[in-house]
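[1] Structure for this input, please:
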Amino acid sequence: MPNQTVARPPKAPSGDGTTGVLETRLVTGLLVLVALGLVYIAARGPIAAVAAGMLAVLLLLLAVLGRERLAFFAMMGAFATAPMNKGIAPGGAESPITPTDLLFGLAVMLLVPTLLRRSLRLPLAYTIGISLILITGTLSTLFSPDPLFSAIQFVQWLVVILGLLGLFALWAPTWKMIDVLLWSYVAGQMISIAYAPIGGAVGNRYQGLSHHTNEFGGAGVMAFATLMYLWRRNDAVWYRALVALAMAASVGSVLASGSRAAAAVIAGLVLMIPFVERSALKGFVLAILGALFVFSLPFVIGNSGEGSALARLAGSADAIGADRARTEAQDFGINLFLQHPLVGNGFSEALYVHNVVLGVASSVGVIGLLGYFLVLFTLARPIIGNHPNRRLGYVVWAFIAITPTFPGLEDRTLWVPMAPAILLAIQVRMTSDKKKPAAKTALVTR
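    Residues are numbered from 1 along each chain as shown. Below is the predicted model:
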């Protein structure tokens, strides 16, 4: 009788996935080489020693937390530093790279193996919009008076409008992870608010840890809109109280910044609530609160600081000067746009326009502006749908409303909290695509 015994396959590896002594020795040898390299670097001077120490800590965290978990912590750090933007960068307002950029770069490097296994599915309107921006942006840069500087500015814009949104679309984190990231952004703004009295006022206006008072106000707006989404993510009393306190602090930061546009945007976001929530009762309550606010407005303005947003809305002296400067910047942008209205003039002078929408129009012309509007439409549209997380659209609408008063196309303070909205747009599109065949079948059956 033949031998019926079948040899068992070798036992599957366990633990971290190593398959034998050879792999273990290779990893150990690599770590020894890295340690020797860090010692050599540290001996080159104090700055090199600090860099070597930071790299050693990074390797330790990588070993303890793992690649994907460390990448997520880096993302949290990027979101937390975004409200401060260039305010905490070594070069200040002139710095081309911020801590937010470095943390995002670290997260992307750690996520590369994960991203390579994912497929990218983008909404059609977004794809068309980005294509128009790429074509017109490239052409306008080539024929710009300063092609090199224009190319640098164009790439910086693409990092957020294509790179950041594409990263979230490809990475596709869960909604709980999105909540943690958005709370990180809110926490960063709360830290900036806490620092504002320490940093002092600039002309009776506060800027927290950001590099400008208007940036501080813009971060307050984005934090407020983010909290409007986070409000419905948990119905526990302690959670709602925490969100309400953070919202009050965000409104306070807007008023302390003196940004009139930021104050107006928050008012607009509040007025959107009855339409988004589809509630007549909430509309009635808001109307009563609005009437009370209007009635008390003279008292509030009289007791607010000279540099507050309300005082400046009432027409304080520095507000008049700011209006004159904005009018000059607007006229400059319009004249720049009229020079080449179809494909634009490049990005070398977009910063001086002090209006993102007009800056886009003057940089890439009407065709590129259409592409930009398609991108914003893709992100803003889901708020009127039925997706359970559609309130993330508040952040997009806050971005749309505040950017006409901001100069930077690539402003991390505004772009970072809005980036996860691309996931909402993708999920809404996928849901509608699944419903179409069913609708056709029902029509044929009838």
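[2] From now on I want contacts and neighbour counts done on CA atoms only, so please keep to that.
    Will do.
[3] Assess the claim that Pro341 and Gly359 are in contact.
    No - taking contacts as CA atoms under 8 Å, Pro341 lies outside contact range of Gly359: 12.0 Å.
[4] So which of these two has more stuff around it?
    Neighbours were counted for Pro341 and for Gly359 using other CA atoms under 10 Å; Gly359 has more, 30 against 18.
[5] The more buried one: which element?
    Using DSSP states H and E, Gly359 maps to helix 356-380.
[6] Could you do Ile178 as well?
    Here Ile178 is assigned to helix 175-199, by DSSP H and E.
[7] How far off centre is that helix?
    Remark: helix 175-199 is offset 13 Å from the chain centroid, using CA atoms, centre = their mean, to the nearest Å.
[8] helices and strands around that helix, which ones?
    helix 67-81, helix 213-230, helix 237-257 (3 or more CA pairs under 8 Å, 6 or more residues apart in numbering; DSSP states H and E).
[9] mind redoing it with 10 Å?
    Here helix 175-199 touches helix 67-81, strand 205-206, helix 213-230, helix 237-257, helix 412-418, helix 421-445, going by 3 or more CA pairs under 10 Å, 6 or more residues apart in numbering; DSSP states H and E.
[10] out of these, which comes closest to Glu277?
    Ranking the helices and strands packed on helix 175-199 by proximity to Glu277 (CA to CA) places helix 213-230 first, at 11.3 Å.
[11] buried sites along stretch 334-350?
    334, 336-337, 340-350 (16 or more other CA atoms under 10 Å).
[12] Nearest to Ile198 among those residues?
    Each of these was scored against Ile198 by CA to CA, and Ala350 proved nearest at 33.5 Å.
[13] Quick check: Val202 touching Phe216?
    No - applying CA atoms under 10 Å, one finds Val202 not in contact with Phe216, separated by 11.9 Å.
[14] Could you pull out the residues contacting both of the two?
    Counting by CA atoms under 10 Å, 6 or more residues apart in numbering, the shared contacts of Val202 and Phe216 are Ser257.
[15] ok, those two, which is more surrounded?
    Taking neighbours as other CA under 10 Å, Val202 and Phe216 compare with Phe216 leading, 34 against 12.
[16] tally of neighbours for the closest residue to that one other than its chain neighbours?
    Closest residue to Phe216 apart from its sequence neighbours, by CA to CA, 6 or more residues apart in numbering: Gln207 at 5.0 Å. Neighbour count for Gln207, taken as other CA under 10 Å: 28.
[17] To which secondary structure element type does Lys86 belong?
    Following DSSP: H, G, I helix; E, B strand; the rest coil, we place Lys86 in the helix state.
[18] Quick check, it in contact with Leu209.
    Yes - Lys86 lies in contact with Leu209 (CA under 10 Å); the separation is 8.9 Å.
[19] Now the common contact residues for those two.
    Both Lys86 and Leu209 are in contact with Glu215, where contact means CA under 10 Å, 6+ apart.
[20] you'd agree Ala196 is up against Asn204?
    No - if you go by CA under 10 Å, Ala196 and Asn204 don't touch, sitting 11.7 Å apart.
[21] neighbour-wise, which of these two wins?
    A direct count of neighbours by other CA under 10 Å for Ala196 and Asn204 places Ala196 higher, at 21 against 13.
[22] Could you pull up the residues touching the more buried one?
    Ala196 makes contacts with Met190, Arg205, Tyr206, Gln207, Gly208, Leu209, Ser210, Phe216, Ser253, Ala256, Ser257, as judged by CA under 10 Å, 6+ apart.
[23] Low-confidence stretches in the stretch 1-150 of the chain?
    Low-confidence segments of the stretch 1-150 of the chain (pLDDT under 70): 1-56.
[24] what angle sits between the helix or strand where Gly268 lies and helix 213-230?
    Gly268 belongs to helix 260-277 when assigned by DSSP H and E. Angle of helix 260-277 versus helix 213-230, following axes from the mean of the first three to the mean of the last three CA atoms, to 10 degrees, is 10 degrees.
[25] With Val353 as the reference, measure out to Ser184.
    Note on Ser184: its distance to Val353, by CA to CA, to the nearest Å, is 31 Å.
[26] hmm, I was thinking of Trp415
    To Val353, Trp415 is 19 Å away according to CA to CA.
[27] who has more neighbours, those two?
    Val353 (27 against 20).
[28] doesn't Gly333 make contact with that one?
    Yes - Val353 lies in contact with Gly333 (CA under 10 Å); the separation is 5.0 Å.
[29] intersection of neighbour lists for those two?
    Common neighbours of Val353 and Gly333, counting by CA under 10 Å, 6+ apart, are Thr327, Gly359, Val360, Ser362.
[30] Put the buried members of those residues into a ChimeraX selection.
    With 16+ other CA under 10 Å as the criterion, this ChimeraX line picks the buried residues out of the shared contacts of Val353 and Gly333:
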select :359,360,362
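[31] closest to Ala172 among the shared contacts of Val353 and Gly333?
    Distances from Ala172 to the shared contacts of Val353 and Gly333, taken as CA to CA, are shortest for Val360 (28.4 Å).
[32] residues contacting that closest one?
    Here Val360 is in contact with 133, 137, 333, 337, 344-347, 350, 353, 366, 368-372, 409 (CA under 10 Å, 6+ apart).
[33] let's see 8 Å
    Going by CA atoms under 8 Å, 6 or more residues apart in numbering, Val360 touches Ala350, Gly368, Leu369, Tyr372, Leu409.
[34] Next one: the second one from Leu164, what distance?
    So that's Gly368. 19 Å.
[35] who's more crowded, the two?
    Between Gly368 and Leu164, counted using other CA under 10 Å, the more crowded position is Gly368 (27 against 19).
[36] isn't that one right up against Pro341?
    No - using CA under 8 Å, Gly368 is not in contact with Pro341, being 10.0 Å away.
[37] Let me know the distance separating Pro123 from Val395.
    With distances taken as CA to CA, Pro123 is found 19 Å from Val395.
[38] Compare these two (neighbour count), which wins?
    More crowded of Pro123 and Val395, by other CA under 10 Å: Val395, with 29 against 18.
[39] host element of the more buried one?
    Using DSSP H and E, Val395 sits within helix 393-402.
[40] For that helix, which helices and strands make contact with it?
    In terms of contacts (3+ CA pairs under 8 Å, 6+ apart), helix 393-402 is packed against helix 213-230, helix 260-277, helix 356-380, helix 412-418.
[41] closest to Met109 out of the ones you listed?
    helix 412-418 (18.1 Å).
[42] Just the buried ones from the contacts of Ala196?
    Using 16+ other CA under 10 Å, the buried members of the contacts of Ala196 are Met190, Arg205, Tyr206, Gln207, Gly208, Leu209, Ser210, Phe216, Ser253, Ala256, Ser257.
[43] Out of these, which two sit at the greatest distance?
    The two members of these with the most space between them (CA to CA) are Met190 and Arg205, at 17.2 Å.
[44] Common neighbours of Gly368 and Pro341, please.
    Residues touching both Gly368 and Pro341 by CA under 8 Å, 6+ apart: Ala361.
[45] Compute the number of surrounding residues for Val57.
    By other CA under 10 Å, 12 other residues sit near Val57.
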